[in-house]
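J.: for reference, the sequence and a predicted model appear below.
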Amino acid sequence: MSFRTASLIGVLLLSVAPALAQPVAGPAKAKATTPEIPFDTVPNFFKMPAGLYMGEGVGVATNSKGHVFVYSRSGETRLFEFDQNGTFVKEFGVGSYGFSFAHAVRVDKDDNVWAADEGTNVIQKFSPDGKLLMVLGKRPDPLEQLSLAPGAGQYSGANKPYSFHRETDVAWDPEGNIFVSDGYGDSRVVKYDKNGRFIKSVGTRGSGPMQFSTPHAIAVDAKGLVYVADRGNSRIHVLNNDLTPKAMYDNVGAPWAVCISAGPHQYLYSSNSFPTGNNFDQAAITGEIYKMELDGTVLGRFGKAGHGVKEFSSIHQMDCRNPDEIYVAEITAFRVQKVIVKPQTLRPSSGR
């Protein structure tokens with residue numbers, strides 16, 4: 001068995017196994033009433049150095065200069081930086097103790113790069129030049145790690161202030177407070193101040209109010225409202241800045257990834273990448289991305305499942321700093337795509 005084949009099998013097991021214990025998602029409620037948005041993808045955008053390969057597309061983010069950061073699982077977890085033209089710049093955290101099994105990468109307002117690694121239960125903050133500035137979480141001790149390896153860990157619910165259990169994503173409000181979705185082993189959202197001091201956590205596993213089933217991604221808008229992708233329950237929780245409930249959007253399928261654009265008029269993007277039946281054939285997997293107002297109004301959608309041009313295969317993370325230029329990391333296609341969203345007069349969906 002080749003490394004690529006073994007790695008792909010591992011990804012499928014890790015991506016699908018959590019879903020097997022959750023309700024199987026159905027089609028997005030808004031799909032039938034939502035207009036399609038025209039779009040293109042940029043072929044061969046990323047230029048890797050000779051002998052270096054992308055691996056599984058797990059995380060993607062951009063900074064204020066348009067540089068793109070790709071968090072990849074290959075022989076080992078690696079974090080790459082590319083310039084605005086897709087040319088390789090450098091690698092972050094080579095040999096880092098906090099890298100084991102990548103999950104998400106984000107860039108804050110000061111262009112610091114944050115990497116959330118579910119294999120080590122650690123989030124690392126790097127300066128733009130690659131210096132390690134902060135560590136949140138704690139890598140399990142070696143004996144403990146055997147039982148908590150990705151794909152093998154059981155639900156914990158420990159809810160400890162400074163420990164994660166396969167955390168999935170990180171975001172910030174305008175004051176610099178840090179929000180973490182945690183994750184596979186702890187179904188909660190955690191808030192820290194800008195210095196990493198614990199403030200509050202909310203959530204338990206389940207499908208009721210303020211419960212989560214794999215909170216898989218998180219984003220914060222300019223007003224400090226928190227958007228949590230509750231993948232297993234096929235809904236997006238909107239929380240106030242103090243993590244009290246504000247709204248719930250359950251019309252765009254199972255949100256694997258969410259992102260919020262910059263600028264005076266912000267948009268919420270959500271990817272629906274979940275199986276729609278009891279088998280996991282490609283034909284039974286959704287692949288569309290929804291563009292929404294922050295109040296949950298669905299403006300349009302684009303994309304479909306597949307491995308070809310203008311198709312998406314299990315989008316794991318998105319970046320939409322520019323609402324007309326989206327980057328998508330696809331975990332089962334070993335790639336990251338640059339998407340150009342074309343202008344269109346959008347008619348809001350009546351399916352909300």
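T.: Thanks, I have it.
J.: thought G55 was touching S72?
T.: Yes - because the distance of 4.0 Å satisfies CB atoms under 8 Å, G55 is recorded as touching S72. The way it works is simple: take the backbone N, C-alpha and C, and place the C-beta from them, glycine included.
J.: what residues are shared contacts of the two?
T.: Shared contacts of G55 and S72 (CB atoms under 8 Å, 6 or more residues apart in numbering): R78.
J.: and G232, which of the three is it?
T.: Look at G232: counting by DSSP: H, G, I helix; E, B strand; the rest coil, its state is helix.
J.: chain neighbours aside, what residue packs nearest to it?
T.: With sequence-adjacent residues excluded and distances taken as CB to CB, 6 or more residues apart in numbering, G232 is closest to S213, at 2.9 Å.
J.: mind listing what T41 touches?
T.: V309, K310, Q337, K338, V339, I340.
J.: nearest residue to it other than its sequence neighbours?
T.: Among residues not flanking T41 along the chain, Q337 sits closest, at 5.1 Å (CB to CB, 6+ apart).
J.: which positions within the host helix or strand of that neighbour qualify as buried?
T.: Using DSSP states H and E, Q337 sits in strand 335-341. Of all the residues in strand 335-341, those buried under the rule 16 or more other CB atoms under 10 Å are R335, V336, Q337, K338, V339, V341.
J.: need these in CSV (columns: distance to L132 and pLDDT).
T.: Listed next are the buried residues of strand 335-341 as CSV, based on distance: CB to CB, whole Å; pLDDT from 0 to 100:
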residue, distance to L132, pLDDT
R335, 28, 94
V336, 24, 96
Q337, 29, 96
K338, 28, 98
V339, 31, 98
V341, 35, 97
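J.: of the residues you listed, which is the nearest to G59?
T.: V336 (8.9 Å; CB to CB).
J.: P27 is in contact with G253, correct?
T.: Yes - with contact defined as CB under 8 Å, G253 and P27 form a contacting pair (6.9 Å).
J.: contacts only, for Q84.
T.: With contact taken as CB under 8 Å, 6+ apart, Q84 is in contact with K65, G66, H67, V68.
J.: quick check: mean pLDDT of the helix or strand hosting K191?
T.: Using DSSP H and E, K191 sits within strand 188-192. Strand 188-192 shows a mean pLDDT of 98.
J.: by contact count, what packs against that strand?
T.: Applying 3 or more CB pairs under 8 Å, 6 or more residues apart in numbering; DSSP states H and E, we find strand 188-192 packed against strand 178-182, strand 198-202, strand 215-220.
J.: what's it in contact with?
T.: With CB under 8 Å, 6+ apart, strand 188-192 has contacts from 136, 159, 161, 164, 177-182, 198-204, 212, 215, 218, 226, 228, 239, 243.
J.: restricted to buried residues, select the residues you listed in PyMOL.
T.: Those of the contacts of strand 188-192 that count as buried under 16+ other CB under 10 Å are selected in PyMOL with:
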select buried, resi 136+159+164+177+178+179+180+181+182+201+202+203+212+215+218+226+228+239+243
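J.: show the pLDDT at T276.
T.: 54.
J.: then G10?
T.: With respect to pLDDT, G10 has a value of 40.
J.: for the residue nearest to T41, list the residues it contacts.
T.: With contacts defined as CB under 8 Å, 6+ apart, the neighbours of Q337 are T41, V42, F45, F312, Y327, V328, E330.
J.: next, the first one: phi, psi?
T.: According to degrees, to the nearest 10, the main-chain angles of T41 amount to phi -120, psi 150.
J.: do you know how far it is from K160?
T.: Relative to K160, T41 is positioned 42 Å away (CB to CB, to the nearest Å).
J.: now the helices for the stretch 1-150 of the chain?
T.: 3-20, 142-147 (DSSP state H, counting those that start in this stretch).
J.: which residue is nearest the centroid of this protein?
T.: Q317 (3.6 Å; CA atoms, centre = their mean).
J.: ok, it to F69 distance?
T.: 11 Å.
J.: any residues in contact with both of these two?
T.: G59, V60, A61, V105.
J.: next step: those restricted to strands.
T.: G59, V60, A61, V105 (DSSP state E).
J.: give me the below-cutoff pLDDT ranges for the stretch 201-350 of the chain.
T.: Where the stretch 201-350 of the chain drops to pLDDT under 70, the residues are 275-285, 344-350.
J.: the same query, at a cut-off of 50, please.
T.: 277-280, 282-284, 350 (pLDDT under 50).
J.: okay, and the beta partners of the residue nearest to T41?
T.: Applying DSSP bridges to Q337 gives these bridge partners: V328.
J.: which strands border the helix or strand harbouring M292, and is each parallel or antiparallel?
T.: Element membership for M292 (DSSP H and E) is strand 289-293. Strand 289-293 has its sheet partners listed here by DSSP bridges as strand 267-272 (antiparallel), strand 298-302 (antiparallel).
J.: contacts for the first one?
T.: Okay, so that is strand 267-272. 25, 28, 219, 221, 227, 229, 236, 252-261, 286-294, 299, 312, 315, 318, 320, 323, 326, 328.
J.: repeat that for 7 Å
T.: Residues from elsewhere that reach strand 267-272 (CB atoms under 7 Å, 6 or more residues apart in numbering): 28, 227, 229, 236, 252-261, 286, 288-294, 315, 318, 320, 323, 326.
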